[in-house]
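Trainee: Quick one: sequence plus predicted model below, questions after.
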Amino acid sequence: MTRPLPLNAHLIDVGPLVYGCMALGGDWGGGPITEADIAHAHAAVEAALDIGIKLFDHADIYRRGKAEAVFGELLKRDAGLRAKVRLQSKCGIRFADDANPGRYDLSAGYIEESVTGILQRLAVERIDILLLHRPDALMEPGEIARAFGRLKAAGKVGHLGVSNMHAGQMRWLQMALPEPLVANQLELSLAKLDAIEVGTTFNDPQATTRPGCVAWAGTLEYAQRHGVQLQAWGSLAQGRFNDPAASPAAKVVHEIAEAHCTTANAVLLAWLLRHPAGIQPVIGSGNAERIRACGDATRIQLNRDEWYRLYVAARGQALP
């Protein structure tokens, strides 16, 4: 099925779905990865490849580095795997330690140090995309641009993107960059509607004063205007629509899934794919069977009525 693509899509050459690797690598504690962790990761990655996924999304903090490390082990064991995948990782979140609280750090030194660790864990010389994981209150666009320039010149990073940044932050950062930001990953699903709500309910005082809504004003439009690939983390809504009896919205999800002879998860992803911004859902499940079932999302296309039925049911009240 033909879907709209952002202007910069040719820079990353990936399909409509992304696999998020946060579920790989065992627990969040210390210690090395195990053979069981490797087997689990192998099954998940093979399932993702089976449904046509090319882009595999990491972050240096996932399982405290073990998600990248287990993927690196897969790359070592299968010489042909690297050619089949595009690798994306994120940096900028620092965990709390004995001296400091949890914080965000997009200083040049920390970005470059993080990329060194990412490459070592993934056992590669280059990642295709580096995302800045969270907006650092102290970030300086010029400093970030210089760090990216050095990483690019050294062949360590192909493209730069962001995560969890609104339109104003992307615009501000882009002013210092010689190349376009290629992606912005934010939470977006039928359970997290803020980025869409702010556009459709901007003239409704009750809606636009909700926490988290106004901040996203113009973000989807900016991405479409400037060719930034939107990626939706949390796209399966943490399973809250799995049970049709759980809510009126879940009932609608299952009714539409039945009409299309597909699964509820496929409908959740198809809802995102239907948006003209060309949103890429990030599938974060570690279950191989569930991953394969998500592939059906690219087979179906919701019509306008179905899209709005889901939207209005999920927001819980009529549009203004």
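Mentor: Ah, there it is.
Trainee: list the contacts for the nearest residue to residue 245 once chain neighbours are set aside?
Mentor: Among residues not flanking residue 245 along the chain, residue 251 sits closest, at 7.3 Å (C-beta to C-beta, 6 or more residues apart in numbering). Where C-beta positions appear, they are placed from N, C-alpha and C, glycine not excepted. Residue 251 is in contact with 244-245, 313, counting by C-beta atoms under 8 Å, 6 or more residues apart in numbering.
Trainee: now do 10 Å
Mentor: If a contact means C-beta atoms under 10 Å, 6 or more residues apart in numbering, then residue 251 has 241, 243-245, 313 as its contacts.
Trainee: In JSON lines, list the residues you listed along with neighbour count.
Mentor: Below are the contacts of residue 251 laid out as JSON lines (neighbours: other C-beta atoms under 10 Å):
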{"residue": "241", "neighbour count": "27"}
{"residue": "243", "neighbour count": "12"}
{"residue": "244", "neighbour count": "17"}
{"residue": "245", "neighbour count": "7"}
{"residue": "313", "neighbour count": "20"}
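Trainee: now stretch 79-97: mean pLDDT?
Mentor: The average of the pLDDT scores along stretch 79-97 is 97.
Trainee: Repeat that for stretch 194-202.
Mentor: On average, the pLDDT along stretch 194-202 is 87.
Trainee: Could you tell me which residues within it count as buried?
Mentor: 194-198, 201 (16 or more other C-beta atoms under 10 Å).
Trainee: What's the first helix or strand after the helix or strand bottoming out on mean pLDDT in the chain?
Mentor: Ranked by mean pLDDT, DSSP states H and E, the helix or strand of the chain with the weakest confidence is helix 205-208, at a mean of 59. Counting by DSSP states H and E, the next helix or strand C-terminal to helix 205-208 is helix 219-226.
Trainee: So what does the residue nearest to residue 245 look like in phi/psi?
Mentor: When read as degrees, to the nearest 10, the backbone of residue 251 gives phi -60, psi -40.
Trainee: the helices in the stretch 101-250 of the chain, which residues?
Mentor: Using DSSP state H, counting those that start in this stretch, the helices of the stretch 101-250 of the chain run over 108-122, 141-153, 167-174, 194-200, 205-208, 219-226, 248-259.
Trainee: sorry, back to before: let me know the distance separating the residue nearest to residue 245 from residue 241.
Mentor: 9 Å (C-beta to C-beta, to the nearest Å).
Trainee: list the residues that contact both of the two?
Mentor: Residues touching both residue 251 and residue 241 (C-beta under 10 Å, 6+ apart): residue 313.
Trainee: I'd like the contacts of residue 251 as JSON lines, with pLDDT appended.
Mentor: Listed next are these as JSON lines, based on pLDDT from 0 to 100:
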{"residue": "241", "pLDDT": "96"}
{"residue": "243", "pLDDT": "96"}
{"residue": "244", "pLDDT": "97"}
{"residue": "245", "pLDDT": "96"}
{"residue": "313", "pLDDT": "98"}
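Trainee: Is it possible to get CSV of those residues that adds distance to residue 267?
Mentor: Formatted as CSV, these follow (distance: C-beta to C-beta, whole Å):
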residue, distance to residue 267
241, 8
243, 14
244, 12
245, 16
313, 12
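Trainee: low pLDDT regions in the chain?
Mentor: 1-13, 203, 205-214 (pLDDT under 70).
Trainee: Recalculate using a threshold of 90.
Mentor: Filtered on pLDDT under 90, the chain yields the residue ranges 1-15, 29-31, 198-217, 320.
Trainee: on that earlier part again, identify whichever of the helices of the stretch 101-250 of the chain lies nearest to residue 66.
Mentor: Among the helices of the stretch 101-250 of the chain, helix 108-122 comes nearest to residue 66, with 8.3 Å by C-beta to C-beta.
Trainee: re the thing from before, closest one of the buried residues of stretch 194-202 to residue 111?
Mentor: For the buried residues of stretch 194-202, the nearest to residue 111 is residue 195 (25.7 Å; C-beta to C-beta).
Trainee: That closest one contacts residue 201, doesn't it?
Mentor: No: shown here, residue 195 and residue 201 do not form a contact pair, counting by C-beta atoms under 10 Å, at 11.9 Å.
Trainee: what distance separates stretch 64-78 from the centre of its chain?
Mentor: Relative to the centre of its chain, stretch 64-78 is centred 19 Å away, using C-alpha atoms, centre = their mean, to the nearest Å.
Trainee: Just give the number of residues close to the nearest residue to residue 121 once chain neighbours are set aside.
Mentor: Once flanking residues are discounted, residue 121 sits nearest to residue 68: 3.8 Å by C-beta to C-beta, 6+ apart. Using other C-beta atoms under 10 Å, residue 68 is surrounded by 29 other residues.
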